[in-house]
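**Q** pasting the structure only:
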């Protein structure tokens, strides 16, 4: 059989290398290494031939000449039964997506904010109208707020840094950007004596966080702060859950705006629309005296 020029050159090169190894006295050693590197084939590793007929077998009962299965007559109300089953499945999916208030949920991590008591009253006393800057000089603006809400200079608990709504065991914090990095104003700016809008993108009225937020509505009846039991106390915690608002220009430190109450709310009218809440700053008169608050307050 004739060889191509490439094959001829390759064979000549192999023969030259073999002669060099032989001249060096290592030809036998090279062969031994090659044999050692070959993986021994395991016994029985080959595919076993299928027993019986090698032809492909069909599983049809008719082809196998077996008796056909009799499922009996279909019920007259089959359509109604199928429709009821489909409705039940949809209802279960809706229940899984949105649990009713008070429904059992997964255990809370002991180191998370939801399991941590907040010193929200001390937070208002120390920082109302002031920026809460990180004490370590970093850019962890939200973590700085969380540490101060937990207690004066304490380490922040675990929390979702991407969320604008963070819960403590005895209060809730809202984080809002009033101005974008380019200077553009958001819709949640302050107007009409300390009012601002908050948008719940993923929340609905039945959401537990929204229910806690709406519990502050009595504080803003007739546009005035209503007198009543102190929120967070043993007899007033169920009636009104304290909600603190923190605002900033995007990228800057947050300003503590104190507690807020709900004046009104608007449910989403179409898919994709947010749940809208009108908030009232309960300490607006004091906040007006703060230069740092006025810096984040957009004109009416």
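**A** That came in fine, so what should we check first? Just so it is clear, the model here is predicted, and its values are computed rather than measured.
**Q** residues in contact with residue 256?
**A** Taking C-beta atoms under 8 Å, 6 or more residues apart in numbering as the contact definition, residue 256 lies against 123, 124, 127, 128, 129, 130, 131, 132, 145, 244, 246. Where C-beta positions appear, they are placed from N, C-alpha and C, glycine not excepted.
**Q** name the member of those with the most neighbours.
**A** Using other C-beta atoms under 10 Å as the contact criterion, the top neighbour count among those goes to residue 145, which has 28 neighbours.
**Q** next structured bit after the helix or strand where it lies?
**A** Mapping residue 145 onto the secondary structure by DSSP states H and E places it in helix 141-150. Scanning forward in sequence from helix 141-150 by DSSP H and E, the next helix or strand is strand 165-167.
**Q** can you pull out the strands in the stretch 101-250 of the chain?
**A** For the stretch 101-250 of the chain, the strands identified by DSSP state E, counting those that start in this stretch occupy 131-132, 165-167, 172-179, 195-200, 243-249, in order along the chain.
**Q** which of the ones you listed has the lowest average pLDDT?
**A** Out of the strands of the stretch 101-250 of the chain, strand 195-200 stands lowest, with a mean of 84 (criterion: mean pLDDT).
**Q** so residue 253 makes contact with residue 131?
**A** Yes. The pair residue 253 / residue 131 is scored as a contact, 4.2 Å apart, by C-beta atoms under 8 Å.
**Q** how about residue 146, nearest residue that isn't a chain neighbour?
**A** Nearest residue to residue 146, sequence neighbours excluded (C-beta to C-beta, 6 or more residues apart in numbering): residue 156, at 3.7 Å.
**Q** ok, back up a step: helices or strands up against the helix holding residue 145?
**A** Contacts of helix 141-150 with other secondary structure elements, assessed using 3 or more C-beta pairs under 8 Å, 6 or more residues apart in numbering; DSSP states H and E, are made with helix 120-127, strand 131-132, strand 172-179, strand 243-249, strand 254-266.
**Q** nearest to residue 82, of the ones you listed?
**A** Go through these one by one with C-beta to C-beta and the one that ends up closest to residue 82 is strand 254-266, at 38.9 Å.
**Q** now whichever helix or strand comes after that closest one, how far from the centre of its chain.
**A** Secondary structure here is assigned by DSSP H and E; on that basis, the next helix or strand after strand 254-266 toward the C-terminus is strand 275-281. Taking C-alpha atoms, centre = their mean, to the nearest Å, the mean C-alpha location of strand 275-281 is offset from the chain mean by 24 Å.
**Q** who does the helix or strand following strand 275-281 touch, helix- and strand-wise?
**A** Once the chain leaves strand 275-281, the next helix or strand it forms, by DSSP H and E, is helix 284-287. Helix 284-287 makes packing contacts with strand 254-266 when contacts are defined by 3+ C-beta pairs under 8 Å, 6+ apart.
**Q** in the strand it packs on, which residues are buried?
**A** Within strand 254-266, the residues scored as buried using 16 or more other C-beta atoms under 10 Å are 254, 255, 256, 257, 258, 259, 260, 261, 262, 263, 265.
**Q** in a markdown table, list those residues along with distance to residue 119 and pLDDT.
**A** Output for the buried residues of strand 254-266, formatted as a markdown table (distance: C-beta to C-beta, whole Å; pLDDT from 0 to 100):
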| residue | distance to residue 119 | pLDDT |
| --- | --- | --- |
| 254 | 17 | 96 |
| 255 | 18 | 96 |
| 256 | 13 | 96 |
| 257 | 17 | 95 |
| 258 | 14 | 94 |
| 259 | 14 | 94 |
| 260 | 18 | 92 |
| 261 | 20 | 90 |
| 262 | 23 | 89 |
| 263 | 27 | 88 |
| 265 | 28 | 85 |
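**Q** which single one of those residues is nearest to residue 205?
**A** Of all these, the one with the least separation from residue 205 (C-beta to C-beta) is residue 265, at 7.5 Å.
**Q** what's across from the closest one in the sheet?
**A** Partner residues in beta bridges with residue 265: residue 277, with DSSP bridges as the criterion.
**Q** residues in contact with it?
**A** Under the criterion of C-beta under 8 Å, 6+ apart, the contact list for residue 265 reads 205, 214, 275, 276, 277, 278.
**Q** ok, residue 252 next?
**A** For residue 252, the contacting residues are 131, 141, by C-beta under 8 Å, 6+ apart.
**Q** look up how far residue 219 lies from residue 261.
**A** When C-beta to C-beta, to the nearest Å is applied, the distance between residue 261 and residue 219 equals 3 Å.
**Q** same question, residue 161
**A** As for residue 161, its distance to residue 219 is 29 Å (criterion: C-beta to C-beta).
**Q** when the two are compared, which one has more neighbours?
**A** Taking residue 161 and residue 219 together and counting by other C-beta under 10 Å, residue 219 has the greater number of neighbours (22 against 13).
**Q** sounds good, over and out.
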